[in-house]
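> model the structure of this input:
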Amino acid sequence: METLKTIPIAAPQIGEEERQAVLAVLDSGQLAQGPVVEAFEREFAAWCGAKHAIAVNSGTAALHLLMLAHGVKEGDEVITSPFTFVASANAALFVGARPVFVDIEPETYCMDPAKVEAAITPKTKVIMPVDLYGHPSAINELREIADRRGVVLIEDACQAHGAAIGRVKAGGFGVSASFSFYPTKNMTTAEGGMVTTDDDAIATQVDMLRQHGATQRYHHDILGYNYRMTDIAGAIGREQLKKLERANEVRRRNASLLDEGLAGTPGVRTPRERPGCRHVYHQYTVFIEGDRDRFQAGLRELGIGTAVHYPIPVHKQPLYGGLGYGSVSMPVSEQAADHVLSLPVHPGLSESDLERIVEAVRKVATTA
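Numbers count the residues shown, from 1 in each chain. Have a look, this model is predicted:
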């Protein structure tokens, strides 16, 4: 019996352009942060519609530096989502602040703006929504709350390169934002991240903090970190950025084909896109009404790679249990953690791959 080749959940799209760009950097002898990173920053800022972009070595570093640059400190509270990768909340812990979780919307899996106001206290310094799976958060509603209550709004756009509300892209909403370039993201630098902001002072602070607090070589004004991006990573990023619009359109087309093929499948709820928003499908995540783990095992047997993003909400992680979050209840997030399943949607999929995914999901849905 012929064994079916597994369709992977993710497949970084690296081409000859990236290879040649890296070789050019290697030949130049300038491997650390230099002119290639500077060019990448200018291009990324222009692409997002932001005034500044500051490259760093991970999305986590971007989040950490934004906490520092905005003056978040011990005793402050940072409102964020419990249903995402742990780095978002951990960034608050890095600076001694306390994450305060607000539950998510069941349709978009992003922070529910209707629940934010009740979580604000005199200690609240930041509201930090997460553009989960490539769908933009309700930035406009959240900005109105932040402005009215006098707190900072930071956009965690680590999964949302090219996501938009109307014609405005993530990172270009006029608030500070963070991006990740991890290999599975819509664009990659192998590892890396970016801060975008329109605030000159925040940009200057982040720039200093990423290189040991230096304003010039061997002149250190503040305590900083080694969070720089290399020119090797920047070279990959520049080429990836050129391809990002096209790659996102392929993701959206693939998602549309999955939507169409899976429509009406019993027990399977496909992703939703809020009107006026542009979802870029970092993940195509369905909600399995029955036994998700059994459903996933069935797809594995049929050669369909899947992943669960995320099986444990942040407030239920052992780390946070030890920090006193054991009694926190986030019912929508907890239900999502038990039932979501991400299917392949990346640009490397063929038409036959998409047909196989649809066929497999439909088959498992009738037996799981």
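> now do the strands in the stretch 101-250 of the chain.
Secondary structure of the stretch 101-250 of the chain (DSSP state E, counting those that start in this stretch): strands at 124-128, 152-156, 164-165, 168-169, 176-180, 193-197, 214-216, 219-220.
> in TSV: these, plus distance to S352, mean neighbour count and mean pLDDT.
Glycine gets a C-beta too; all of them are placed from N, C-alpha and C. Listed next are these as TSV, based on distance: least, Cβ to Cβ, whole Å; neighbours: other Cβ atoms under 10 Å; pLDDT from 0 to 100:
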stretch	distance to S352	mean neighbour count	mean pLDDT
strand 124-128	41	25	98
strand 152-156	36	26	98
strand 164-165	31	19	98
strand 168-169	32	20	98
strand 176-180	31	29	98
strand 193-197	35	30	98
strand 214-216	53	12	87
strand 219-220	57	11	92
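> next one: A89, what pLDDT does it get?
A89 is assigned 98 on the pLDDT scale.
> for it, what are its contacts?
Shown in contact with A89 (Cβ atoms under 8 Å, 6 or more residues apart in numbering): 78, 80, 82, 99, 101, 314, 320.
> list the beta-bridge partners for the residue lying closest to the third one once chain neighbours are set aside.
Same thing as P82. What sits nearest to P82 in space, not counting adjacent residues and going by Cβ to Cβ, 6 or more residues apart in numbering, is F101, at 4.0 Å. F101 forms beta bridges with T80, as assigned by DSSP bridges.
> burial count for F101?
Around F101 there are 24 other residues, counting by other Cβ atoms under 10 Å.
> distance of it from A89?
According to Cβ to Cβ, to the nearest Å, F101 and A89 sit 8 Å apart.
> list the residues that contact both of the two?
Joint contacts of F101 and A89 (Cβ under 8 Å, 6+ apart) are 80, 82, 314.
> may I ask which of the residues you listed has the most neighbours?
Top of the shared contacts of F101 and A89 by neighbour count (other Cβ under 10 Å): P82, with 31 neighbours.
> give me phi/psi at that one?
Dihedral pair for P82: phi -90, psi -10, per degrees, to the nearest 10.
> next one: it, what pLDDT does it get?
P82 is given a pLDDT of 98.
> just A368 next, same as before
67.
> please apply the same query to R217.
For R217, the predicted pLDDT is 87.
> quick revisit: export the strands of the stretch 101-250 of the chain to a markdown table and tack on distance to Q20?
Below are the strands of the stretch 101-250 of the chain laid out as a markdown table (distance: least, Cβ to Cβ, whole Å):
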| stretch | distance to Q20 |
| --- | --- |
| strand 124-128 | 38 |
| strand 152-156 | 33 |
| strand 164-165 | 31 |
| strand 168-169 | 28 |
| strand 176-180 | 24 |
| strand 193-197 | 23 |
| strand 214-216 | 32 |
| strand 219-220 | 36 |
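> what's the closest of those to L257?
L257 sits nearest to strand 164-165 of all the strands of the stretch 101-250 of the chain, at 21.1 Å, using Cβ to Cβ.
> now the helices for the stretch 251-368 of the chain?
292-301, 318-321, 331-339, 351-365 (DSSP state H, counting those that start in this stretch).
> how far does stretch 344-353 sit from its chain's centre?
21 Å (Cα atoms, centre = their mean, to the nearest Å).
> ok, residues contacting that stretch?
7-11, 13, 247, 250-251, 254-255, 258, 281, 283-284, 304-306, 357.
> what do you get if the cut-off is 10 Å, keeping everything else the same?
Here stretch 344-353 makes contact (Cβ atoms under 10 Å, 6 or more residues apart in numbering) with 5-13, 133-134, 184, 186, 243, 246-255, 257-258, 271, 280-285, 304-307, 354, 356-357.
> thinking again about what came up before, which among the helices of the stretch 251-368 of the chain is found nearest to C48?
Closest to C48 of those is helix 331-339 (Cβ to Cβ; 28.2 Å).
> before we move on, back to that, report the separation between the residue nearest to P82 and I288.
F101 is 24 Å from I288, by Cβ to Cβ.
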